[in-house]
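Enquirer: What follows is a protein structure lacking sequence information:
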Ligand code: F6P
């Protein structure tokens, strides 16, 4: 392999930069040229790229976001969106690519191999941690720590005022980020897409908590389980107490990657590049039980709800 490409796709995740740094520096060990595609899949369609060197990725290890930038480009699933990619692929003559991103990017990666014959290896990076084949994806730990920090702060004011707070956490249709935020902050309730709930029951439990002497109530809502505005409105209607809401939103996606994410990203970025040079491709590399594990990109399905259900159960016991 003389020349490989690398791109970051989908929603950014803290740790994409250290992953990129590891890809570039590993490829240089193999005397290969590295082309960074700017703005993800859209960059591939528009032909925006730059040559990357070990020097060009210096000083990015601790930076949030992605220096390669990213873009939501669902058009890549269509014929019109794919046609311009062919031109860039021809121009660049890439021998392989490392794709850093979530499930949408991995679908793009599979398409890249199928339609253009480019060998690809995927690196899982999304704050949602909803990619099958890895225990954890890059960005999850940082986002979790940001959410925990925010909830801890909200709890101080909630206790002072005796208020109920409904806090919405990201995660798309997967509840793990919310479930683990709830465990780590000792929240009173967590509402998850995987577990149906009734607002009347939530109100009853909150009310019982106050009767037992609680000074506040923190309810974590996974974005896939409903809007914080809806939950807080409904609770306000049922309980004669102040209810406030906080939507953490994109705050969870930014900031310097945690120590865990820096190391995970460095390991996965390195391993993915080594796999590409070994001729193993069409796979994603993740970590399962603390060991690298490869899984087919083409066969990647929906993540199991098991981890969320286990954490929800723990949360119920410990509350
Ligand atoms: O997939 C990461 C994520 O942050 C989800 O948790 C969230 O639902 C979505 O992206 C938001 O996407 P956007 O940044 O395009 O608004």
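Expert: Happy to help now that I have it. Bear in mind the structure is a predicted one, so any value in this text is a computation, not a measurement.
Enquirer: next helix or strand past the worst-scoring helix or strand of the chain on mean pLDDT?
Expert: Taking mean pLDDT, DSSP states H and E as the measure, the helix or strand of the chain with the lowest value is helix 79-92, at a mean of 90. Following the chain from helix 79-92 toward its C-terminal end, the next helix or strand by DSSP states H and E is strand 96-101.
Enquirer: element containing residue 11?
Expert: For residue 11, there is no host helix or strand (DSSP H and E).
Enquirer: residues in contact with it?
Expert: Going by CB atoms under 8 Å, 6 or more residues apart in numbering, residue 11 touches 70, 72, 102, 126-127, 253. For glycine as for every other residue, the C-beta is placed from the backbone atoms N, C-alpha and C.
Enquirer: Swap in 10 Å and give it another go.
Expert: 70, 72, 101-102, 104-105, 125-128, 139, 170, 172, 250, 253 (CB atoms under 10 Å, 6 or more residues apart in numbering).
Enquirer: Restrict those residues to those that also contact the ligand, please.
Expert: By CB under 6 Å from any ligand atom, the members of those lying near the ligand are 72, 102, 126-128, 170, 172, 253.
Enquirer: Same list (the residues you listed) but as a markdown table, adding pLDDT.
Expert: A markdown table is the format used below for those (pLDDT from 0 to 100):
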| residue | pLDDT |
| --- | --- |
| 72 | 93 |
| 102 | 96 |
| 126 | 98 |
| 127 | 98 |
| 128 | 98 |
| 170 | 98 |
| 172 | 97 |
| 253 | 97 |
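Enquirer: Buried ones only from the residues you listed, please, as a ChimeraX command.
Expert: In ChimeraX, a selection of the buried entries from the ones next to the ligand among the contacts of residue 11 looks like this (16 or more other CB atoms under 10 Å):
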select :102,126,127,128,170,172,253
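Enquirer: So residue 121 sits against residue 270, correct?
Expert: No: if you go by CB atoms under 10 Å, residue 121 and residue 270 don't touch, sitting 11.3 Å apart.
Enquirer: what residues are shared contacts of the two?
Expert: Common neighbours of residue 121 and residue 270 (CB under 10 Å, 6+ apart) are 23, 285.
Enquirer: Do a quick rundown of the helices in the stretch 51-200 of the chain.
Expert: 79-92, 103-116, 140-161, 176-185, 199-211 (DSSP state H, counting those that start in this stretch).
Enquirer: deepest of the ones you listed, which one?
Expert: helix 176-185 (a mean of 25; mean count of other CB atoms under 10 Å).
Enquirer: Run the chain-centre distance for that helix.
Expert: Helix 176-185 has its average C-alpha position 15 Å from the chain's average C-alpha position, going by CA atoms, centre = their mean, to the nearest Å.
Enquirer: and if you look at stretch 267-277?
Expert: In terms of CA atoms, centre = their mean, the centre of stretch 267-277 is set 20 Å apart from its chain centre.
Enquirer: What average pLDDT does that stretch get?
Expert: Taken as a whole, stretch 267-277 has an average pLDDT of 98.
Enquirer: what do you get for stretch 110-125?
Expert: Here stretch 110-125 scores 95 as its mean pLDDT.
Enquirer: ok, now stretch 234-245?
Expert: 96.
Enquirer: residues contacting the residue in the stretch 151-300 of the chain that the ligand sits nearest to?
Expert: The ligand sits closest to residue 170 of the stretch 151-300 of the chain, with a gap of 3.5 Å, by CB to the nearest ligand atom. For residue 170, the contact set (CB under 10 Å, 6+ apart) comprises 11, 127-128, 143, 147, 177-178, 181, 222-224, 247-253.
Enquirer: ok, now with 6 Å
Expert: 223, 252 (CB atoms under 6 Å, 6 or more residues apart in numbering).
Enquirer: now residue 15
Expert: The contact partners of residue 15, by CB under 6 Å, 6+ apart, come to 138-139, 257, 261, 265.
Enquirer: returning to that earlier point: looking at residue 121 and residue 270, which one has more neighbours?
Expert: residue 121 (29 against 20; other CB atoms under 10 Å).
Enquirer: thought the more buried one was touching residue 274?
Expert: No: using CB atoms under 6 Å, residue 121 is not in contact with residue 274; the gap is 9.1 Å.
Enquirer: Looking at the contacts of residue 11, which two lie furthest apart in space?
Expert: Using CB to CB, the two most remote members of these are 105 and 250, lying 18.5 Å apart.
Enquirer: Let me see the domain layout of the chain.
Expert: For the chain, the structural domains run 3-139+257-300, 140-254, going by automatic domain parsing.
Enquirer: So which of the ones you listed is nearest residue 318?
Expert: For residue 318, the closest of these is domain 140-254, at 7.1 Å, according to CB to CB.
Enquirer: backbone phi and psi for residue 32, please?
Expert: Note on residue 32: its backbone torsions stand at phi -100, psi 150 [degrees, to the nearest 10].
Enquirer: which bits of the stretch 1-150 of the chain sit near the ligand?
Expert: 11, 72, 102, 126-128.
Enquirer: No further queries at this time; thank you.
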